[in-house]
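*Asks:* Just the structure for this:
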Amino acid sequence: MVESQDHETVWALLDSVRAAGRSALTAPEGKIVADAYGIAVPGEELAQDADEAVAFADRLGGPVVLKIVSPDVLHKTDAGGVVVGVEGGAQVRAAFQRIIENVQAYAPDARIDGVQVQQLVPPGQEVIVGAVTDPTFGKVVAFGLGGVLVEVLKDITFRLAPVTADEALSMLDSIGAAEILRGVRGAPPVDRRALAEQIRRVSQLVTDFPEIAEVDLNPVIAAPDGAIAADIRILLATETVKQRRTYPREEILASMRRLMEPRSVAVIGASNEQGKIGNSVMRNLIDGGFSGEIHPVNPRADDILGRKTYRSVADVPGEVDVAVFAIPAKFVASALEEVGRKGIPNAVLIPSGFAETGEHALQDEIVAIGERYGVRLLGPNIYGYYSTWQDLCATFCTPYDVKGGVALTSQSGGIGMAILGFARSTKTGVSAIVGLGNKSDIDEDDLLTWFGEDPNTTCIAMHLEDLKDGRAFVEAARATVPKKPIVVLKAGRTSAGAKAAGSHTGALAGDDAVYDDILRQAGVIRAPGLNDMLEYARALPVLPTPKGDNVVIITGAGGSGVLLSDAIVDNGLSLMEIPPDLDAAFKAFIPPFGSAGNPIDITGGEPPSTYEATIRLGMEDPRIHALVLGYWHTIVTPPMVFAELTARVVAEFRERGIEKPVVASLAGDTEVEEASQYLFEHGVVAYPYTTEKPVAALGAKYRWARAAGLLGGDR
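*Replies:* Below you'll find the model as predicted:
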């Protein structure tokens, strides 16, 4: 908690502002809030006339800043309502008069409460500290370079509020211009702790008072001996945010267990007619080998695919864990009522024709029914879902039965099928593939909660277009990341949220900027594209967790070595500085025209023994934590020879308890494709024709290891 905070003063002030029908605090009101929360601001007085302004300036001493105070003028500079650096009675008097005249010309009907006379803050680095109410994540605190260029440079970073002292300090290092704060070209470094404390106090303020929609401290003058907010703007919310229904963790797990590990499934709308969704779902359930009970429901059939058929789900004997809906949207509500009365905990809603087509009332109706009976809804507008370890294929799409550790979810059916095709072509084993569609109820945080505990899942990859409840997602992610990695592909890189902003911070808080920082804060690996998400999900379970930062490149081609080095830097990894004894050890295995150092260039004409000897040395030396291999196709060392020897060496060390992530880039003729697949299947993440992909996968593994606290220090 913030020390010496004065809740009562802030409550009373905000009540008075709301009672006056205003949503913006004046600068003097902002100072009252700042003082109540220990947010450092300069001394100031509110002058009603020029004589008072002169007297206040004299009492404050030194140069002052004059600013208009008006509830009707938010952007004071635009109105000509700010004059900086005036000193002496004549200058103050003239500045006061000029401000009044400018504002009256700019906004003739504006109410003028006076002119603020404020101490001129000594020179320093101008930064911005602020907070906004994000529609996805709620209260978010921001930090970046401030002053007049703030919206041009857009060098800003975000975190969920409230932040700890350490999180606030991390924000100082998360902007592009972080080096400026440490002092450059002879300039002294800023007082980092004082600046971080401003961030922390703002974050606590907006957490304590949810009705505060936006806060702007811009500029904050950061100096070697402190940080002072030269200007403060506070805006109140004008609308009440509807609270989403939440469920306790144990309740989520109980419901998800019955969804993902059902003993009995009912198919509402089951059909004997080929081409019907109800027929496809039934065939997939039966042909997929689901060992639980399968109950077709159709009022006009007695037998579907050899199964006794029921007129209503109410007629199905015993308990049912999941009801899969394969009926038109207009019939869903009445059937869902029957599901609710039957006590079925999960409804998988395949039909489209709800909110995605503008039928919001129809979707609201089924959500209300689900809440009334305690039925969790997956969908609507989905392709269904797969739970491979249960041999469950509850979908109208193609079956999939390759069991493994990767859980995949998607909001889009098309993306879901891309996931399916990728998994099949790369032989990626999955624990689940789940469509989320409109996310009327069950969403990513529910599934994260389940997959985080699921022993069959080792890695989670999610395609999403939005999050209904960003904070719930972050909470679930933080609980999961220490155990297993989460990869997210966030579609829609827009800044639509900035259009109606009333502050600099709000204008900078575009959707993607906030998502990017807060997903990183949660320890999530964000994939730049669909193929990246799928490749990360495929690679991360294969790679052992690194035990340190030292990465070594061993390559048969100098050109590949340079590109691999670039990729190392691009992915935030560290090329190891090779100590003299290790350098000499590598040189013993490579020809005189080769190159030790890092990358270690063994040259392309070397026999398999050179590859093997240098890889062995890289695995053996405990100072090396990860290997990046660059292979160049030659007849001397053919691709499969390289693949087999590499896999054999890595397996040998693994049996000895020495596990390091090894990735490989293979350049050559088409034979390198088979070699890459062989390596992947034997614990080495390998790709043909690219130096970027293997290092990106290694970088993703490192990002997860740091987020999980397995390496220490965040990059």
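
*Asks:* So residue 618 belongs to a helix, correct?
*Replies:* Yes - under DSSP: H, G, I helix; E, B strand; the rest coil, residue 618 sits within a helix.

*Asks:* what's the burial count for the closest residue to it other than its chain neighbours?
*Replies:* In this structure, residue 618 finds its nearest non-sequential neighbour in residue 627, 4.7 Å apart by C-beta to C-beta, 6 or more residues apart in numbering. Yep, even glycine has a C-beta here, placed from its N, CA and C like the rest. For residue 627, the number of neighbouring residues by other C-beta atoms under 10 Å comes to 22.

*Asks:* Can you name the helix or strand that residue 627 falls in?
*Replies:* strand 626-632 (DSSP states H and E).

*Asks:* Give me the buried positions along the very next helix or strand once past that strand.
*Replies:* Next helix or strand after strand 626-632 toward the C-terminus (DSSP H and E): helix 639-655. The neighbour-count check on helix 639-655 (16 or more other C-beta atoms under 10 Å) flags 639, 641-647, 649-650, 653 as buried.

*Asks:* next one: phi and psi at the nearest residue to residue 244 once chain neighbours are set aside?
*Replies:* Computed as C-beta to C-beta, 6+ apart, the closest residue to residue 244 that is not its neighbour in sequence is residue 469, at 5.2 Å. Phi and psi for residue 469, reported as degrees, to the nearest 10, are phi -140, psi 90.

*Asks:* wait, is residue 686 part of a strand?
*Replies:* Yes - Residue 686 forms part of a strand when assessed by three-state DSSP.

*Asks:* List the contacts of it.
*Replies:* 629, 643, 663-666, 675-676, 679-680, 694 (C-beta atoms under 8 Å, 6 or more residues apart in numbering).

*Asks:* try 6 Å this time
*Replies:* Residue 686 makes contacts with 664, 676, 679-680, as judged by C-beta atoms under 6 Å, 6 or more residues apart in numbering.

*Asks:* and if you look at residue 518?
*Replies:* 137, 160.

*Asks:* try 7 Å
*Replies:* Going by C-beta atoms under 7 Å, 6 or more residues apart in numbering, residue 518 touches 137, 158-160, 470, 474.

*Asks:* Alpha carbons only: can I get the host helix or strand of it in PDB?
*Replies:* Following DSSP H and E, one finds residue 518 within helix 511-521. Extracted in PDB, the C-alpha atoms of helix 511-521 (Å, rounded to 0.1, in the frame of the first residue of the first chain):
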ATOM      1  CA  ASP A 511      -5.100  -2.200 -28.200                       C
ATOM      2  CA  ASP A 512      -2.000  -3.900 -29.400                       C
ATOM      3  CA  ALA A 513       0.400  -1.900 -27.400                       C
ATOM      4  CA  VAL A 514      -1.300  -2.800 -24.100                       C
ATOM      5  CA  TYR A 515      -1.800  -6.400 -25.100                       C
ATOM      6  CA  ASP A 516       1.900  -6.700 -26.000                       C
ATOM      7  CA  ASP A 517       3.200  -5.400 -22.700                       C
ATOM      8  CA  ILE A 518       0.700  -7.200 -20.400                       C
ATOM      9  CA  LEU A 519       1.000 -10.500 -22.100                       C
ATOM     10  CA  ARG A 520       4.800 -10.200 -21.600                       C
ATOM     11  CA  GLN A 521       4.200  -9.200 -18.000                       C
END
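
*Asks:* how about that helix: buried residues?
*Replies:* 511, 513-521.

*Asks:* what's the answer for stretch 467-477, then?
*Replies:* Buried, per 16+ other C-beta under 10 Å, within stretch 467-477: 467, 469-477.

*Asks:* Break down the stretch 301-450 of the chain into its helices, ranges please.
*Replies:* 332-342, 360-373, 413-425, 444-453 (DSSP state H, counting those that start in this stretch).

*Asks:* who does the shortest one touch, helix- and strand-wise?
*Replies:* It stands for helix 444-453. helix 249-260, strand 403-410, strand 459-464, helix 470-480 (3 or more C-beta pairs under 7 Å, 6 or more residues apart in numbering; DSSP states H and E).

*Asks:* please redo it, this time with the cut-off set to 8 Å
*Replies:* If you count contacts as 3 or more C-beta pairs under 8 Å, 6 or more residues apart in numbering; DSSP states H and E, helix 444-453 packs onto helix 249-260, strand 403-410, strand 430-435, strand 459-464, helix 470-480.
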